[in-house]
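*Asks:* here is my input, please return the structure:
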Amino acid sequence: MTTFKELGISDSVCEALRNKGIKEATPVQEQAIPLVRAGKDVIAQAQTGTGKTLAFLLPILEKIKPQADVAQALVVTPTRELAIQIAKVASIVGEAAGVSSLVIYGGQDIERQKQKLRRHPQLIIGTPGRLLDHLRRGTIDLSKVNKVVLDEADEMMRLGFIEDVEVLLKAAANDRQLTLFSATMPDRIKALAARYMRAPENIKIKSEHVTLDAIEQVIIDTTEEQKIDRLCECINGDNPYLAMVFCHTKQRAHMVTMALAARGYLVDELHGDLSQVQRALVLKRFRKAELQILCATDIAARGLDIEGVTHVFNYDIPHDAESYIHRIGRTGRAGQQGKAVTFVNARQYDLLRRIETGIKNRIRKEHSERHHKHQEKQAKILQEIRQKREEKKKKAKPLSKYANRKGASHKGRNGRSRRTSAPKKTKTNFGNRSKMGRH
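*Replies:* Residues are numbered from 1 along each chain as shown. Predicted structure coming up:
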């Protein structure tokens, strides 16, 4: 593997990374960092958990001029959680590089954001809606921003932020360098790249080898009525340190949270109906392991890097392979092992096959504890039946001396024994009736 020093990263930043236990570059970092440092536009197709954050932050920080008190770089993300996650990494490596950064997202006090923007941060990280709000108010100046990163571009398209992103790109400097990271490349993302990028370099990372190797993946066949019981069986059997339970809707996440809380588990919920303060509090408690289980919607499937998540449960099976990879990517991070359990009913196997095709892997089917107990019970019953048969054979009377060597199945009545003879033919006078009366 390549070291960051070999990729041209400064000694101070390399030292900061070593203090965090990061010594070698991942494949996406190894390919992207030299291209971004060379000033080229880059399209990188890579899944979550492949090290994308450092892949664009490190070369950008190397190119920012610390002495200039203007915004020089912009990172746009689809969710608050992802923005916060990137900002944490930027604060660590940015301090080593002498670069100031600021994170901006909805739900925060906008007046406090205005005050922080007056301090002229050199790197701005934010969500499209709030960035556009500041742009319209005239409280943010992007005219000197010549390095722009769009992280999770496909998710921004899905959430309807592409128009906002285009406005932000037009507000940036004309000679900007654009770096685009996306798990998939829909046509609209390709069109965006064609309009705003100049001869981009393409990078594609095979994520299943990077992201999924450290994760044990299993499926459990169940019904909707038994699903909560199956979930509790898995939690009791595996005893995860931290576990995330993914549901399709907010109502579903709330229902599962209440059901688990009623059974005595340390659990809370995370979804879009919570305020930013509530979401931050829930994540803080989960990171401190004050909660064991977090029930969430797909809002938590991207951007959350929480140490100690040992298990991910897909209470509701994802709609596609990309969502599946993002969900289970919350575990098995930083070289640790993880386990992902997906609950499937009889009508969802077509969806499961599409996911398996997308990840190019067959997911092992795991039976529940109740199934194993049933199997053991059935085996015990069969063993008892065999024993009774053996005992019955031992108690059976010995064969008659007239029985032939074929065994006792014929009971000595096969027509060849001396004790039984063939039945005698009954004679009738039917054939002699024509002779009657001749005499």
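
*Asks:* which parts of the stretch 151-300 of the chain are helices?
*Replies:* 153-158, 162-171, 187-196, 207-211, 227-238, 250-262, 276-287 (DSSP state H, counting those that start in this stretch).

*Asks:* nearest residue to the middle of the protein?
*Replies:* In the chain, the C-alpha closest to the average C-alpha coordinate belongs to residue 328, at a distance of 2.1 Å (C-alpha atoms, centre = their mean).

*Asks:* okay, now the unreliable bits of the stretch 101-250 of the chain?
*Replies:* 206-212 (pLDDT under 70).

*Asks:* coming back round to it: ok, for the residue nearest to the centre of the chain, nearest residue in space, not its chain neighbours?
*Replies:* Closest residue in space to residue 328, ignoring its immediate chain neighbours: residue 340 at 3.8 Å, by C-beta to C-beta, 6 or more residues apart in numbering. Every C-beta, even on glycine, is put in place using the N, C-alpha and C of the backbone.

*Asks:* okay, now the domains of this structure?
*Replies:* Taking automatic domain parsing as the domain assignment, the record places the domains of the chain at 11-207, 212-371.

*Asks:* possible to save those domains as a markdown table with distance to residue 394?
*Replies:* As requested, the domains of the chain are exported to a markdown table (distance: least, C-beta to C-beta, whole Å):
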| stretch | distance to residue 394 |
| --- | --- |
| domain 11-207 | 64 |
| domain 212-371 | 35 |
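
*Asks:* so which of those domains is nearest residue 380?
*Replies:* Taking C-beta to C-beta, domain 212-371 is the member of these nearest to residue 380, at 15.0 Å.

*Asks:* on that earlier part again, and of the domains of the chain, who's closest to residue 391?
*Replies:* Between residue 391 and those, the tightest spacing by C-beta to C-beta is seen for domain 212-371, at 30.8 Å.

*Asks:* who's in contact with the residue nearest to the centre of the chain?
*Replies:* Applying C-beta atoms under 8 Å, 6 or more residues apart in numbering, one finds that residue 328 lies in contact with 212, 215, 217, 312, 314, 338, 340.

*Asks:* any idea which of these is closest to residue 290?
*Replies:* residue 312 (19.3 Å).

*Asks:* quick one: the helix or strand containing that closest one to helix 276-287, angle?
*Replies:* Taking DSSP states H and E as the definition, one finds residue 312 inside strand 309-314. Orientation of strand 309-314 against helix 276-287 (axes from the mean of the first three to the mean of the last three C-alpha atoms, to 10 degrees) gives an angle of 120 degrees.

*Asks:* so what strands line up beside strand 309-314?
*Replies:* strand 242-246 (parallel), strand 338-344 (parallel) (DSSP bridges).

*Asks:* highest mean neighbour count out of these?
*Replies:* Neighbour counts averaged per stretch over those are highest for strand 242-246, at a mean of 25; criterion: mean count of other C-beta atoms under 10 Å.

*Asks:* give me the contacts around that strand.
*Replies:* Counting by C-beta under 8 Å, 6+ apart, 231, 235, 253, 256, 260, 286, 289, 291-298, 300-301, 306, 308-316, 318, 327, 330-331 sit against strand 242-246.

*Asks:* in PyMOL, select just the buried ones from these.
*Replies:* Selecting just the buried residues from the contacts of strand 242-246 in PyMOL takes one command, with 16 or more other C-beta atoms under 10 Å as the test:
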select buried, resi 231+235+253+256+260+286+291+292+293+294+295+296+297+298+300+301+306+309+310+311+312+313+314+315+316+318+327+330+331
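
*Asks:* the nearest residue to residue 173 once chain neighbours are set aside: what's it in contact with?
*Replies:* Nearest non-adjacent residue to residue 173, counting by C-beta to C-beta, 6+ apart: residue 146, 4.4 Å away. Under the criterion of C-beta under 8 Å, 6+ apart, the contact partners of residue 146 comprise 72-73, 172-173, 175-177.

*Asks:* mind running it again at 6 Å?
*Replies:* Residue 146 sits next to 173, 175-176 when contact means C-beta atoms under 6 Å, 6 or more residues apart in numbering.

*Asks:* next: residue 227.
*Replies:* Residues touching residue 227, when contacts are defined by C-beta under 6 Å, 6+ apart, comprise residue 343.

*Asks:* cool, residue 355 as well?
*Replies:* Under the contact definition (C-beta under 6 Å, 6+ apart), the residues listed for residue 355 are 321, 324.

*Asks:* distance of it relative to residue 318?
*Replies:* When C-beta to C-beta, to the nearest Å is the yardstick, residue 355 and residue 318 sit 7 Å from each other.
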